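In: All I have is the shape, not the residue letters:
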């Protein structure tokens, strides 16, 4: 019996479909330095490593876990988003090679394209505008819109409801972090694809639940 046909592919953004080039980690460092200048010299290395280990999760959640205070976390998140957009403005933003071809491949087959992210809407929308993707994707969702960020499945549940998809088997999840893989597992997806173009390595992605690991999004068509 053949596997059910994929109806939706849910992609992560930074490191999966969009070149990161260390921008997220750089923005985390700026946010910590600005919002916690007294603690940064002592805690900086630990906080930065935690940010790398939890890459893909909601940024506000990461700051809350580290700082233990929602108001401090919100201030740090504002500083992070400002720093990230400043980095984007200075260095530019570009799709990972093969992304636009994969989008076209999916569109030709009538498969919906969605983006999930750890960014807020106020960060995501300017990125999509800069990339010219507003007309190329069918949907995008952020943690606050769905309820919780990764590793919870809320964003994937949100998209399944939006597209009236009854079975998780009809959704392919693609990302570069353990959190992406974990959210796919929690959602119940049977096609969870890790890419090596971003934060985490093959072993980390497999351990987190990836059913396949590929070099980059450019290699995805063979799995669809």
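Out: Right, received. Where do you want to start? This one's a predicted model, so the numbers in the text were calculated from it and none came from an experiment. Numbers count the residues shown, from 1 in each chain.

In: For the strand or helix carrying residue 49, give me every contacting residue.
Out: Residue 49 belongs to helix 40-53 when elements are defined using DSSP states H and E. Here helix 40-53 makes contact (CB atoms under 8 Å, 6 or more residues apart in numbering) with 24, 25, 28, 29, 32, 33, 36, 62, 65, 66, 199. C-beta: built from backbone N, CA, C; applies to glycine.

In: Quickly list what residue 116 is bridged to.
Out: residue 141 (DSSP bridges).

In: dump the residue contacts of it.
Out: By CB under 8 Å, 6+ apart, residue 116 lies in contact with 10-13, 140-141, 150, 155-156, 159, 175, 180, 183.

In: Residue 220: what's it in contact with?
Out: 9, 98, 102, 174, 193, 214.

In: what about residue 174, which SS state?
Out: Classification of residue 174 by DSSP: H, G, I helix; E, B strand; the rest coil places it in strand.

In: That one - how many residues pack around it?
Out: 26 (other CB atoms under 10 Å).

In: Repeat that for residue 167.
Out: For residue 167, using other CB under 10 Å, the count is 12.

In: now it: how far from residue 5?
Out: Remark: distance between residue 167 and residue 5 (CB to CB, to the nearest Å) = 11 Å.

In: quick one on the thing from earlier: counting neighbours, which bits of the helix holding residue 49 end up buried?
Out: 40, 47, 48, 51 (16 or more other CB atoms under 10 Å).

In: repeat for stretch 148-159
Out: Neighbour counts over stretch 148-159 (16+ other CB under 10 Å) mark 148, 149, 150, 151, 152, 153, 154, 155, 156, 157, 158, 159 as buried.

In: Run through who's touching that stretch.
Out: When contacts are defined by CB under 8 Å, 6+ apart, stretch 148-159 is touched by residues 8, 10, 56-58, 60-61, 114, 116, 118, 139, 141-143, 145-147, 165, 168, 171, 173, 177-180, 182-184, 186-189.

In: Check stretch 89-97 too.
Out: 16-19, 21, 23, 127, 130-131, 197, 216-218.

In: So which of those sit within helices?
Out: 23, 127, 130, 131 (DSSP state H).

In: Just put the residues you listed in TSV and tack on neighbour count.
Out: Below are these laid out as TSV (neighbours: other CB atoms under 10 Å):
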residue	neighbour count
23	21
127	20
130	15
131	18
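
In: Using the record's assignment, carve this structure into domains.
Out: 8-19+93-223, 23-91 (automatic domain parsing).

In: Tell me how far the longest one lies from the chain's centre.
Out: Its chain's C-alpha centre lies 7 Å from the corresponding centre of domain 8-19+93-223 when counted by CA atoms, centre = their mean, to the nearest Å.

In: Let's test this: mean pLDDT of that domain, rounded?
Out: Confidence for domain 8-19+93-223, expressed as mean pLDDT, is 92.

In: Run a quick neighbour tally on the closest residue in space to residue 13 that isn't next to it in sequence.
Out: Closest residue to residue 13 apart from its sequence neighbours, by CB to CB, 6 or more residues apart in numbering: residue 117 at 4.5 Å. Residues within reach of residue 117, counting by other CB under 10 Å, total 27.
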